[in-house]
Structure formats: C-alpha cells, structure tokens
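[1] My questions are about this predicted structure, shown below with the sequence.
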Amino acid sequence: MADAARRLTALAEELLGAPLPVRIRAWDHSEAGPPHTPVLVLRHRRALHRLLWKPGELGLARAWVAGDLDIEGDLYEALDLMAGLLWERGPAAQRQSKAAAALKALRDPAVRSAARTLIGLAGPALPPAPPREEARRVWRGPLHTLRRDKEAISHHYDVGNDFYELVLGPSMVYSCAYWERPPAEGGTLEDAQRAKLDLVCRKLALRPGQRLLDVGCGWGSMVLHAAREYGVRAVGITLSQEQAAYARKRVADAGLTDQVEIRVQDYREIADGPYDAISSIGMAEHVGSARYAEYAADLHALLKPGGRLLNHQIARRPEPDEEAYHVDEFIDRYVFPDGELAPVGRTVAQLEAAGFEVRDVEAIREHYALTLRGWVANLEAHWKQAVRLTSPGRARVWRLYMAASALSFERNRIGVNQVLAVRTPEDGTSGMRLRSRDWLG
C-alpha cells in the first residue's frame, strides 16, 4: 500500500504539534495533507536519508539542492506557510544552543520514535554525499583573512557572468534597487537600479573631477554611472576575477578607460588615497564582525577631510543574546560563505567609533523585497538557460535563497539601510546643507 505521504504527514504533525500547512507527495506517488495548498514533493527516499544524517536546515537544504525535495505551486506561499513551523519556533528555541537542542532531542521519546519511523520509511543507507554546489571548506585559518575572503567571494560571484545577466537583467547591479514606482504601477527593475545608482551619487554629492572609490564594485555599474553622469574619476575594486574582466570590458566599450579603473583588490590593500567619496554597496556583509572596525577605519583613512561614505548594507534584527548569533547553514554553505549580518545600530556605532560622523540612515527593506522578486522572475523566465549555464543545483540554490530572502525583507526579519557618513574635519565643517536630504529634490 502506498502510504508514505500519510505516515510522513502524521509524523510531522506529531513533532510540530500543529497541522501541516502544505500537502505532501511522496516517492510512492501517495499524497496527504490539506488540499488546495502548495505541495511538498519528496522525489526520492534519499530526501529522508539527508534529514536523518543532517537533521534540520542543512538536511533540508541538501535535499532541495540535489532535487530530492521540491515544491509544486506558489514557492512564496509554501515558504511563508512553512516558515513559522520550521524556522521561527519562538525566542526560547532560537536562543537554545545546538548542543542543548540535540541533547534534549535525544532524550525526547517522541523524537526517538520519529527517528525510528523515518528510518523505517527511508531504509538503511550511508550518508548521501553533499551536492557539489556546497562550499567546500578548502581554506584554513581564521575568518576573513585576505585569502579566505577571496575564496569565499569566488564561490558566490564566479558562477558565470552569463548566468548573472539572466538574473540581474541589463543593469548588472546585484544589490537592492530603489523603486520610485512599484512594478504594479509600471516601475521596472532596470529603472529602479538606475535610480539607486543616481541616489548614491547624489548622497555623495559627486562633482566633476572628484575621485570616487567603489568598494565591492561588482560588474562596474556604479563606477560607470558616476563617471558618465557626474564626471568623476572612479576606482572600482572586487575580489572576483570574472567580475573584473566583465567590468573592464564595459568600461572600454563605454569609452571611459581614462576615467574608470577596475582592480582585483581587497579594501585592506588600497594605498592611493585620499578619495573625495567612497561607496560601499552590498559589500560590507562580507566583512565580518571581527574585521568591521578595521573596515571602517580603513575607509575613514582613505577619505579626505570632508569626504563622504555611503555604506549600503543588509541588517538583521538584534538578538536577545548577541553571542548566540550564527549565520543559517543554507546561506553559509550554498550562498555567502562566511557572510555575517549585524543590526544597523552596531554598524552606525562602529562607523562612529572609526571617526565618521553619521548624517543620515535610510531604511529601504521593502525595496529589496521588490528587487528580489524581480530577480526570481528573471530566473524562472530563463530557467532552462540558467540550468545550462550553471547546473540544476546552482539554479535551485538561487531560486530558493532569493525567494526566501524576499519574504524575510517583507516580514521585517531582515532589512537594508543606506548610511551616509562624513569624515568631518576638526573645525566641524561637514559640507552638508542645512536641509540635509537635499538629494530628495
């Protein structure tokens, strides 16, 4: 009798203490659960093997990336329905250490019974190998050394420029756009990215002849816009060889090689300051808490007195116990190895500790939700080509992480902020107008 789905549904509801909000279809073609909802599809018993050997988020992630686990129906709805059961079990559960949780689980008769049931359904098997898209920890030593950061960046960004063109669209901007009109009112991703680049330039008060440093320049969109529209001389730095090659070609095609230089360089290696302005857009998430004070101090030293910094950075909500914070395993293994998020208050405090005067903080998290939904739509519209350019697993990583991130921004689980800071000289002349948000027009 084909009843794997029924048994899995009953097991899940017993463990969760609540009805399962999605339907399940198992490898034996059985189905169970509420009708008219997204369907969680277990294509192979191997999905259970992955959960048995790596219970929790990492096992689920490996099953998803490998294609053993899938979702039919609205992906956003499915993730939203399951989020409260799988990833938001309350403050007490979030504060509990992994070791304590594991020990408690081993002592729980219901959990031991569930494990036996899963073993019976899955059958005996050795632990499945992780999908090849998982970051291999080939680097050694402490976090955020020059070498380790370069390898972590390469894992994420050296996926292939053709793939990024499909996802990001013509702007080739991989950070939160600034939507002056939402898509429902005719706004486009390309227009929103152009508006974001121009907003940054206006906040920095760029003028012809100034020197701009763009830290984490990606494929060169910011430096190209600033040079073309504001007449600056710009240096963009990235740790990705593929990004640098792409950006240099764009600069040459635009006839801006006398104004724009692209370097493969770490921010800790720059020695040709001072700059009139610095933009850091979606890069500081890679810096890490142990290096953030150094990052802030280095950027402060690279600015001339009166120079401005625009730091555009994703933020998380503060934790009741900040020492217990850890990056979720799916993001760390498959998306941004070694990436870390910090509350916006800590970011502001560390910039001020480095000597900056923080003049403006603008929260734009809803803009990132719209941006991510635009990227997901691009990926889904070009799915076969994306798979061909990378791999089925890599495309699945991107679809899941971008859709889940969109929901996180919408639900205020994470945010994104533009922090404008000035290296104010000793005489206190910040160079800011009395109406400080003059960039709003």
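    The structure has been received and is ready for your questions.
[2] okay, CA-based contacts and neighbour counts for the rest of this
    Will do.
[3] Tell me where the stretch 101-250 of the chain has helices.
    109-122, 146-157, 161-168, 189-203, 221-230, 241-253 (DSSP state H, counting those that start in this stretch).
[4] Out of these, the one nearest residue 308 is which?
    Proximity to residue 308 (CA to CA) singles out helix 189-203 among the helices of the stretch 101-250 of the chain, at 8.5 Å.
[5] ok now the closest one, how far from the chain's centre?
    20 Å (CA atoms, centre = their mean, to the nearest Å).
[6] Who are the packing partners of that helix?
    Under the contact criterion of 3 or more CA pairs under 8 Å, 6 or more residues apart in numbering; DSSP states H and E, helix 189-203 touches helix 221-230.
[7] The helix it packs on - contacts with which helices or strands?
    Using 3+ CA pairs under 8 Å, 6+ apart: helix 221-230 touches helix 189-203, strand 211-215, strand 233-238, strand 260-264.
[8] Pipe those into a markdown table and attach distance to residue 361 and mean pLDDT per row.
    Formatted as a markdown table, the helices and strands packed on helix 221-230 follow (distance: least, CA to CA, whole Å; pLDDT from 0 to 100):
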| stretch | distance to residue 361 | mean pLDDT |
| --- | --- | --- |
| helix 189-203 | 11 | 98 |
| strand 211-215 | 19 | 98 |
| strand 233-238 | 24 | 98 |
| strand 260-264 | 28 | 98 |
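[9] before we move on, the earlier item: now the helices of the stretch 101-250 of the chain as CSV including mean neighbour count and distance to residue 391?
    Output for the helices of the stretch 101-250 of the chain, formatted as CSV (neighbours: other CA atoms under 10 Å; distance: least, CA to CA, whole Å):
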stretch, mean neighbour count, distance to residue 391
helix 109-122, 15, 27
helix 146-157, 18, 14
helix 161-168, 19, 10
helix 189-203, 20, 25
helix 221-230, 22, 27
helix 241-253, 18, 18
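[10] ok and the strand or helix carrying residue 306 relative to strand 211-215, angle-wise?
    Applying DSSP states H and E as the criterion places residue 306 in strand 303-316. Orientation of strand 303-316 against strand 211-215 (axes from the mean of the first three to the mean of the last three CA atoms, to 10 degrees) gives an angle of 30 degrees.
[11] what comes up buried for strand 303-316?
    For strand 303-316, the neighbour count (16 or more other CA atoms under 10 Å) marks 303-316 as buried.
[12] Tell me which stretches of the protein form strands.
    With DSSP state E as the criterion, the chain has strands at 23-25, 31-32, 39-42, 69-72, 211-215, 233-238, 260-264, 275-281, 303-316, 357-363, 414-422.
[13] closest one to residue 334 among the ones you listed?
    Checking these against residue 334 by CA to CA gives strand 69-72 as the closest, at 16.1 Å.
[14] Quick one: mean pLDDT for the closest one?
    Taken as a whole, strand 69-72 carries a mean pLDDT of 96.
[15] In terms of secondary structure, what does it contact?
    strand 39-42, helix 57-66.
[16] Who does the shortest one pair with, and is each partner parallel or antiparallel?
    To tie it back to what came earlier, the one meant is strand 39-42. strand 23-25 (parallel), strand 69-72 (antiparallel) (DSSP bridges).
[17] buried set for the first one?
    The one in question is strand 23-25. Neighbour-count burial for strand 23-25, with 16+ other CA under 10 Å as criterion, is recorded at 23, 24, 25.
[18] Which single one of those residues is nearest to residue 79?
    Closest approach to residue 79 among these (CA to CA): residue 23, at 12.7 Å.
[19] residue contacts, that closest one?
    Listed by CA atoms under 8 Å, 6 or more residues apart in numbering, the contact partners of residue 23 are 31, 32, 33, 34, 35, 37, 38, 39, 40.
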